[in-house]
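Colleague: need a 3D model of the sequence below.
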Amino acid sequence: MALRPLGDRIVVRREAPEETTAGGIVLPDTAKNKPQRGVVLAVGPGKLKKDGTRAPMQLKAGDRVLFTSWAGDEFKDRVKNEEILIMHESDVLCVIEEK
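Modeller: A predicted model of the protein is given here:
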């Protein structure tokens, strides 16, 4: 399934939830929190401004991001069997940079 977001929307694949705690306790599915991290899969062309131009997007495909817990709308990709989110770029709090 190919998704092409519109405006200032982005498509994000949520990271897998933690399977164990720091102490090594295995978590059942009901105890797992949904991660607030993910990878940007696609970005829209940017928000349309009042003067007819588009504001450039700050994110790009491949960025690892941290977002708010209520961000976006969740969908299930039946082909890849994974959850994806479609959200506004403004719902992203920061880009996670690897060192």
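Colleague: show me the shaky parts of this protein.
Modeller: Low-confidence segments of the chain (pLDDT under 70): 1, 17-35.
Colleague: who does the spatially most central residue of it form a beta bridge with?
Modeller: What sits nearest the mean C-alpha location of the chain, by C-alpha atoms, centre = their mean, is V12, with 2.9 Å. Applying DSSP bridges to V12 gives these bridge partners: V40, L85.
Colleague: tell me the spacing between it and G52.
Modeller: In this structure, V12 and G52 are 28 Å apart, going by C-beta to C-beta, to the nearest Å. Where you see a C-beta, it was placed from the backbone N, CA and C, and this is true even at glycine.
Colleague: do V11 as well
Modeller: 25 Å.
Colleague: the two: which has the busier surroundings?
Modeller: More neighbours surround V11 than the other of V11 and G52, with 23 against 6 (other C-beta atoms under 10 Å).
Colleague: which residues touch the more buried one?
Modeller: 3, 5, 40-43, 84-86 (C-beta atoms under 8 Å, 6 or more residues apart in numbering).
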